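Trainee: sequence plus the predicted model coming up.
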Protein chains: 2
Amino acid sequence: MKLSDLGERKLIEIASSILEQDPDEILGLGVDDAAAKPICEDLYLVMHTDVVVESTDRLPGQSYRDLAWKAVTANISDIAAKGAKPYALLSAIGIPGIYSLEVFEELMAGLRDSSSTYGCYIVGGDLSSSRELFIALAILGLTHRDRIMGRRGAKPGDLVCITGEIGYTSLAYRVLFDEWCIDSDLRRIVLDRAYRPIARLKEGLALASTGVVSSCMDISDGLAISLNTLSEVNNVSIIIDHIPIPREVLEAVGRYSVDPIDLVLYGGGEEYELLFTVKPDGLKLVEDKLSSLKSSFTVIGRVSEGAGVYFTSGRRVEARGWQHFLDWGSKPTS
Amino acid sequence: MKLSDLGERKLIEIASSILEQDPDEILGLGVDDAAAKPICEDLYLVMHTDVVVESTDRLPGQSYRDLAWKAVTANISDIAAKGAKPYALLSAIGIPGIYSLEVFEELMAGLRDSSSTYGCYIVGGDLSSSRELFIALAILGLTHRDRIMGRRGAKPGDLVCITGEIGYTSLAYRVLFDEWCIDSDLRRIVLDRAYRPIARLKEGLALASTGVVSSCMDISDGLAISLNTLSEVNNVSIIIDHIPIPREVLEAVGRYSVDPIDLVLYGGGEEYELLFTVKPDGLKLVEDKLSSLKSSFTVIGRVSEGAGVYFTSGRRVEARGWQHFLDWGSKPTS
């Protein structure tokens, strides 16, 4: 059987069944995207690795500097979702020998700019010749035991929330892959968000400090998959009543015969907003913390008994979106 | 200018000049292969990343299980050389979608076997479809401030030592790439060493505990390059009087018109012995520690004022060996 018949999520399941779980690690191999382990007294090290592969991940028109920026953002986002402060980044790069020095320098500049933006340094790396470009980063973050936000922890009655608004990336993909024509200002905005996304680091740290967030993850795999993951790992159902899509995105989508909700749920990904659940009496605290950062968030639904993700209308949110291997080749590169 | 015109070491220099040095990191970006940073009181986290790329690193006949084993060994070796105890491993893997599930399972089994051998766990990972197979691992280790062995620290008068014996890998490469015919028992030994090498973890920890080791690194880049690196980063000269090559390797090489010293210096690499320097009055302590582990080591020379690496005969040991990019394509894969 070929890997492309299985898809990334099935392969992660297989990998988790072969590898052994570190008994000191608390988030769960194959359950959470990050790992957390005690390191000294009540201090925990949060660890994550995320790789960007040119043929799979580089968007048409995306510069190498932005590709490296995005690789750092993807890593920072995962420890932000755990509420951990960046401690160090490691970078392993494979690159074909025929690439120019300029490409290499752009990659390094992108790594420097982005890590510095998030208050972190690349402390070490490895470099190899390879048949295609890849950037494998490992991010380490520090936090305290009682501040770690895992994927597990959501309980019926909790409110489901998301930072910011979503849909920019979904629209960017239609512009890049389906040649949608949109207003030039909006085009610039959505491409900038897709090429050079920002991780919600300060929001993640603020959420962790409240003590009322019961679970948290980023939505980099796409909103529909992320909601379903949260539902599955917590053995709960999630009922959605509202998705915060920016007005200009709704207007642009309106010109094509596409349901904007479908587009945002299934046609996006690599948007680095945080999806989190809050204990019912904790909402005010979250509002205060995030508004002091001038960061917006929206209550999009609630956690309920049962299984699956549904709109209040009863319409189901399926666990689909872009998956490595299964969708191999469907997201073309420049 | 193409990367293949520059070579790995020049590119690391360029990368180090663009990236910023973390002021808390003590080993030095571009100087040491690993990084070390305080994490809690006098506890330091030692970090390293090492990537294995199939087209560059997989040896003819090497199984995927052994390739994954070797990837872990390469990572463990670098923190062993710093005297740090493994804390956790992260693994980012890129693999073509046309590969079979069996290959994937072999890789996972290799990661599991090797990490477990070194007393460590894979705590997290990422998986991506890519045009060629790569395994990018990040290893984290813990140690105390006064136990870290850096590459810097060797002083004139110190003794230069190496664990074990070397030359098995150099001979294996001749068997694999130049079709050398050797005794079948020896062939099995040298191929096993090349396919499934062992990192000197317990030796590294023992050396660090002595307090008399002034610098340490592994010789994975080849003995000649490693000796020259040690000389350069310490602004000293190294005078070699003896290289411990196993008798059966000498005998096998003797049948071909190749200088065994040249072969071992320049034709090897990926041998995970530790190269270290010892303060003159510390030799007895090192002998006691390593012999209690039943581990052998050899004093191969001494540190002196000046620059460069020489044999006592005056013959120079040049800084050459296999380098990524410059030698791209010269080490064929199966």
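Mentor: Looks like it came in fine.

Trainee: please list all residues in contact with A:Val303.
Mentor: A:154-160, A:234, A:236-239, A:277 (Cβ atoms under 8 Å, 6 or more residues apart in numbering or on different chains). In this view, the C-beta of every residue, glycine as well, is placed from N, C-alpha and C.

Trainee: hmm, 10 Å instead?
Mentor: A:Val303 makes contact with A:154-160, A:214-215, A:230-231, A:234, A:236-239, A:277-278, A:280, according to Cβ atoms under 10 Å, 6 or more residues apart in numbering or on different chains.

Trainee: residues contacting stretch A:245-257, please?
Mentor: Identification of contacts with stretch A:245-257 by Cβ under 10 Å, 6+ apart yields A:164-172, A:174-175, A:178, A:180-183, A:185-187, A:189-190, A:259-264, A:267.

Trainee: report the buried residues of it.
Mentor: Using 16 or more other Cβ atoms under 10 Å in any protein chain shown as the test for burial, stretch A:245-257 gives A:Ile245, A:Pro246, A:Glu248, A:Val249, A:Ala252, A:Val253.

Trainee: could you report the distance from the residue lying farthest from the centre of chain A to B:Asp5?
Mentor: Distance from the C-alpha centroid of chain A, by Cα atoms, centre = their mean, peaks at A:Ile98 (31.9 Å). According to Cβ to Cβ, to the nearest Å, A:Ile98 and B:Asp5 sit 10 Å apart.

Trainee: now swap in A:Gly124 and tell me
Mentor: As judged by Cβ to Cβ, A:Gly124 and B:Asp5 stand 25 Å apart.

Trainee: more neighbours: which of these two?
Mentor: Taking other Cβ atoms under 10 Å in any protein chain shown, A:Gly124 and B:Asp5 do not tie; A:Gly124 has more neighbours (30 against 12).

Trainee: secondary structure class for the more buried one?
Mentor: Three-state call for A:Gly124 (DSSP: H, G, I helix; E, B strand; the rest coil): strand.

Trainee: nearest residue to it other than its sequence neighbours?
Mentor: B:Ala35 (4.1 Å; Cβ to Cβ, 6 or more residues apart in numbering or on different chains).

Trainee: report the contact partners of the residue nearest the centre of chain A.
Mentor: Note on chain A: the residue nearest the mean C-alpha position is A:Ser220, at 2.6 Å, using Cα atoms, centre = their mean. Listed by Cβ under 10 Å, 6+ apart, the contact set of A:Ser220 reads A:33, A:50, A:73-74, A:77-78, A:81, A:169, A:197, A:199, A:226, A:268-273.

Trainee: so which of these reach chain B?
Mentor: A:Asp33, A:Asp50, A:Ala74, A:Asp78 (Cβ under 10 Å from any Cβ of the partner chain).

Trainee: SS state for the last one?
Mentor: I take that to be A:Asp78. Assigned state for A:Asp78: helix (three-state reduction, three-state DSSP).

Trainee: hang on, A:Tyr87 in a helix?
Mentor: No - assessed by three-state DSSP, A:Tyr87 does not belong to a helix; its assignment is strand.

Trainee: now the helices: where do they sit in the stretch 1-150 of chain A?
Mentor: Assigned by DSSP state H, counting those that start in this stretch, the helices in the stretch 1-150 of chain A fall at A:8-18, A:54-57, A:64-80, A:101-117.

Trainee: confidence score at the closest residue in space to A:Asp22 that isn't next to it in sequence?
Mentor: In this structure, A:Asp22 finds its nearest non-sequential neighbour in B:Tyr121, 3.6 Å apart by Cβ to Cβ, 6+ apart. Note for B:Tyr121: predicted pLDDT of 98.

Trainee: phi, psi of the residue of the stretch 151-300 of chain A found nearest chain B?
Mentor: The minimum distance from the stretch 151-300 of chain A to chain B, using Cβ to the nearest Cβ, falls at A:Ser220 (11.1 Å). Backbone torsions for A:Ser220, taken as degrees, to the nearest 10, come to phi -60, psi -20.

Trainee: now the one 4 residues further on
Mentor: Main-chain torsions, A:Ala224, degrees, to the nearest 10: phi -60, psi -50.

Trainee: residues near it, how many?
Mentor: 23.

Trainee: that one against A:Gly308, yeah?
Mentor: No - contact criterion Cβ atoms under 10 Å: A:Ala224 and A:Gly308 do not qualify, at 11.6 Å.

Trainee: joint contacts of the two?
Mentor: Counting by Cβ under 10 Å, 6+ apart, the residues touching both A:Ala224 and A:Gly308 are A:Arg316, A:Val317, A:Glu318, A:Ala319.

Trainee: now the second one. Nearest residue, chain neighbours left out?
Mentor: This means A:Val317. Distances taken as Cβ to Cβ, 6+ apart place A:Val309 nearest to A:Val317, at 3.9 Å, with adjacent residues excluded.

Trainee: and the pLDDT at that neighbour?
Mentor: We have a pLDDT of 98 for A:Val309.

Trainee: before we move on, what about the one 4 residues further on?
Mentor: Reading off the per-residue confidence, A:Ser313 sits at a pLDDT of 96.

Trainee: same question, A:Arg65
Mentor: pLDDT recorded at A:Arg65 is 98.

Trainee: can you tell me how far the residue lying closest to A:Val72 once chain neighbours are set aside is from B:Ser313?
Mentor: Of all residues not flanking A:Val72 in the chain, A:Ser114 sits nearest, at 3.7 Å (Cβ to Cβ, 6+ apart). Distance of A:Ser114 to B:Ser313, computed by Cβ to Cβ: 51 Å.

Trainee: so which of the two has more stuff around it?
Mentor: Applying other Cβ under 10 Å to A:Ser114 and B:Ser313 shows that A:Ser114 carries more neighbours, namely 25 against 7.

Trainee: ok, that one - contacts?
Mentor: Going by Cβ under 10 Å, 6+ apart, A:Ser114 touches A:65-66, A:68-73, A:75-76, A:89, A:120, A:122, A:196, A:198-199.

Trainee: and for A:Ala88?
Mentor: A:115, A:120-124, A:138-142, B:22, B:24-25, B:35, B:37, B:39, B:45, B:47, B:140.

Trainee: apply 7 Å and report the result again.
Mentor: A:Cys120, A:Tyr121, A:Val123, A:Leu140, B:Asp22, B:Ala35, B:Lys37, B:Met47 (Cβ atoms under 7 Å, 6 or more residues apart in numbering or on different chains).

Trainee: same deal with A:Cys161?
Mentor: By Cβ under 7 Å, 6+ apart, the residues touching A:Cys161 are A:Phe276, A:Val278, A:Phe297, A:Thr298, A:Val299, A:Ile300.

Trainee: count of residues packed around the first one?
Mentor: The criterion is other Cβ under 10 Å. On that basis, A:Phe276 has 30 neighbouring residues.

Trainee: once you drop chain neighbours, what's closest to it?
Mentor: Residue nearest to A:Phe276 in three dimensions, not counting chain neighbours: A:Cys216, with 4.0 Å by Cβ to Cβ, 6+ apart.

Trainee: measure the one you found to B:Gly164 for me?
Mentor: Counting by Cβ to Cβ, the gap from A:Cys216 to B:Gly164 is 48 Å.

Trainee: what about the residue nearest to A:Phe276, which helix or strand?
Mentor: Assigned by DSSP states H and E, A:Cys216 falls within strand A:213-218.

Trainee: just A:Ile225 next, same as before
Mentor: Going by DSSP H and E, A:Ile225 is in helix A:223-234.
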